[in-house]
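S.K.: structure for the following, please:
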Amino acid sequence: MDIKKIGITGAVGFVVMGVVGGITTMLFYEGHMTSLSEKFPGIVQFPPDMAPAMIGGLVYVFVMAIIYDKMGVLGVINGAITGAWFGGAKWFFLNMQMAGLMPSVWGDMTYIAIDVFISGIMYGISGAAMGWALEKFK
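M.R.: Numbers count the residues shown, from 1 in each chain. I've put the predicted structure just below:
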């Protein structure tokens, strides 16, 4: 495994996801999560504690860099397509698990549908950047 390639690809993906995530938080997630935190104080915290979120994001994006590399993802288009389906599937799974565990908190299927759609776009953009970075090492 090429540590430099994975490191740079992961860093690119993390920065792009941070920018896109910040934009989508302001446009969509902030209102929904604020509402949930008011409705369920002590259960849902918004704004979130960013330390665990950043640690999780770092680990996840570097694992994604390894997976994309092993899958042979190269280029912007291939990265965008892979990122979109991977991100949409990830958040569909997670949202449905949360809806099953906490239906009164997480059972809003409209939110889940919008979140999966937005996540597909976010991960598509990040995947495009990671595919671009991986292609530079070809």
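S.K.: surely His32 touches Tyr111?
M.R.: Yes. Between His32 and Tyr111 there is a contact under CB atoms under 8 Å: 6.1 Å. Using the backbone N, CA and C atoms, a C-beta is placed for each residue, glycine as well.
S.K.: count the neighbours of Met96 for me.
M.R.: 15 (other CB atoms under 10 Å).
S.K.: residues touching it, list them.
M.R.: Contacts for Met96 were tallied using CB atoms under 8 Å, 6 or more residues apart in numbering; they are Ile112.
S.K.: element containing it, please.
M.R.: helix 76-101 (DSSP states H and E).
S.K.: state the pLDDT value of the closest residue to Ala80 other than its chain neighbours.
M.R.: In space, and not counting its chain neighbours, Ala80 is closest to Ala128: 3.9 Å by CB to CB, 6 or more residues apart in numbering. Per-residue confidence (pLDDT) for Ala128: 98.
S.K.: check which helices and strands the helix or strand where Ala128 lies sits against.
M.R.: Ala128 belongs to helix 109-136 when assigned by DSSP H and E. Helices and strands touching helix 109-136, by 3 or more CB pairs under 8 Å, 6 or more residues apart in numbering; DSSP states H and E, are helix 3-24, helix 50-71, helix 76-101.
S.K.: which helix or strand in the protein has the lowest average pLDDT?
M.R.: In the chain, no helix or strand scores lower on mean pLDDT, DSSP states H and E than helix 103-106, which sits at a mean of 90.
S.K.: buried residues in stretch 78-89, which are they?
M.R.: By neighbour count on 16 or more other CB atoms under 10 Å, the buried set for stretch 78-89 is 78-84, 86-88.
S.K.: no further questions, thank you.
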